[in-house]
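# Quick check, what structure comes out for this input:
(one chain, ligands or ions: 2)
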Amino acid sequence: MLKLENVTKVFKVGTLGGRSVTAVDAVSFDVRPGEVVSLIGESGSGKSTIGRMILGLSRPTSGSITVDDVPVRPGKDYYRSVQGVFQDPFSCYNPVFKADRVFRLIRETYYPAAGEAEWTERVRSAVRDVRLNPDEVLGKYPHQLSGGQLQRMLIARALLLDLRLLVADEITSMLDASTRIDVLNLLAELKLRGLGVLYVTHDLSLGNYLAERTVVLRGGSVVEMGPTADVFGDPLHPYTRQLLAAVPRLHAPWEDAAPVESCLYHERGATGGLVEAEPGHFVACARLRDC
Ligand code: ADP
Ligand code: MG
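Ligands and ions are numbered 1, 2, ... in the order given. Here you go, the predicted structure:
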């Protein structure tokens, strides 16, 4: 459904755009219907830039992004099927207006002919779908609701559309542990409905276990990707090992990432790109661009 092919984004920075930063470097991966793909990397690795390009908020410098074989084209039709939810739910609400205004804006844009009673029921049903009580959250101002409630209302808003793909960028990082689990359970339900979810995160949190596949990003490039169980259970790239070693775990001993002496995959044909180490499990040359 979502397909990125060789997507690169170069930002011109500095006075007169004299310097450039390659935020995303030849990234390719896909997200299938009913699948959560987690996009992991430290801060600055290019995750949000990828999310913004998928949402049409920024254009790739080169490469292609398609949803159901159609290139990203920001506009009413595209946003009917592709939506984003971001880290800070408060920024999506105007504190002056009641929080349900986000639903009214959807009605004005997409369902101007909907009758009042019909629309109210649709909103209440979408709110129930995200495990909120409509009587508790509708008619309230943003400051009267918790971050988790606001976040779930944004997901409810997306559910009012014929959504195919949700880009969730660090959506759980501002939530407390119990709310985080609620939001993750919600993502699990979305995938059962056949939605594709790109779950963007900088930490190896619980959310990753929801993901069928994991893409590890470093400095704008994919260093490893594959089925989550393989990437987490048998990490091949030193960077992935380092990420995993940095997470205190109950069931595994602490391990330091071994320094990279030589490229593990160079002889196997990875010339700066990715090599398929086992079916569906891809890894970059361990020394990246030095080979
Ligand atoms: P992440 O979400 O993984 O933390 P980002 O995608 O936000 O990373 O940023 C990736 C890199 O691109 C960073 O070096 C960041 O400074 C740079 N970058 C992001 N947006 C812009 C922009 N609008 N102009 C210039 N540089 C940017
Ligand atoms: Mg980000």
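# Every contact and neighbour count from this point should use C-alpha atoms.
OK.
# Mind listing what's buried along stretch 167-185?
167-173, 175, 179-180, 182-184 (16 or more other CA atoms under 10 Å).
# Go through those residues and flag which are in strands.
Using DSSP state E to define strands, the subset of the buried residues of stretch 167-185 located there is Val167, Ala168, Asp169.
# quick one: contacts for the first one?
Residues counted as contacts of Val167 (CA atoms under 8 Å, 6 or more residues apart in numbering) are Gly51, Leu55, Val82, Gln83, Gly84, Val85, Val197, Leu198, Tyr199, Val200.
# can I get those residues in TSV with neighbour count?
Formatted as TSV, the contacts of Val167 follow (neighbours: other CA atoms under 10 Å):
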residue	neighbour count
Gly51	23
Leu55	23
Val82	25
Gln83	22
Gly84	20
Val85	20
Val197	28
Leu198	26
Tyr199	26
Val200	27
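# With respect to pLDDT, which of these ranks lowest?
Of all those, Val85 carries the smallest pLDDT score, 87.
# Next up, the contacts around it.
Val85 touches Gln151, Leu154, Ile155, Leu166, Val167, Ala168, Asp169, Ile171, counting by CA under 8 Å, 6+ apart.
# Return only those of those found close to ligand 1.
Among the contacts of Val85, no residue sits close to ligand 1 (CA under 6 Å from any ligand atom).
# would you list the residues you listed in a markdown table and tack on pLDDT and distance to Val130?
Below are those laid out as a markdown table (pLDDT from 0 to 100; distance: CA to CA, whole Å):
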| residue | pLDDT | distance to Val130 |
| --- | --- | --- |
| Gln151 | 88 | 10 |
| Leu154 | 90 | 10 |
| Ile155 | 88 | 7 |
| Leu166 | 94 | 14 |
| Val167 | 95 | 16 |
| Ala168 | 92 | 15 |
| Asp169 | 92 | 18 |
| Ile171 | 85 | 14 |
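# Distance to Thr228 for those residues - can I get that in a markdown table?
Putting the contacts of Val85 into a markdown table (distance: CA to CA, whole Å) gives the following:
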| residue | distance to Thr228 |
| --- | --- |
| Gln151 | 25 |
| Leu154 | 27 |
| Ile155 | 24 |
| Leu166 | 19 |
| Val167 | 18 |
| Ala168 | 18 |
| Asp169 | 18 |
| Ile171 | 19 |
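# Closest to Leu236 out of those residues?
Asp169 (25.4 Å; CA to CA).
# Just list the residues touching that closest one, thanks.
Counted by CA under 8 Å, 6+ apart, Asp169 has contacts Ser48, Gly51, Gly84, Val85, Phe86, Gln87, Leu198, Tyr199, Val200, Thr201.
# Give the bridge partners for it, please.
Beta bridges link Asp169 to Val200 when assigned by DSSP bridges.
# how much space between it and Phe29?
Separation of Asp169 from Phe29 (CA to CA, to the nearest Å) stands at 17 Å.
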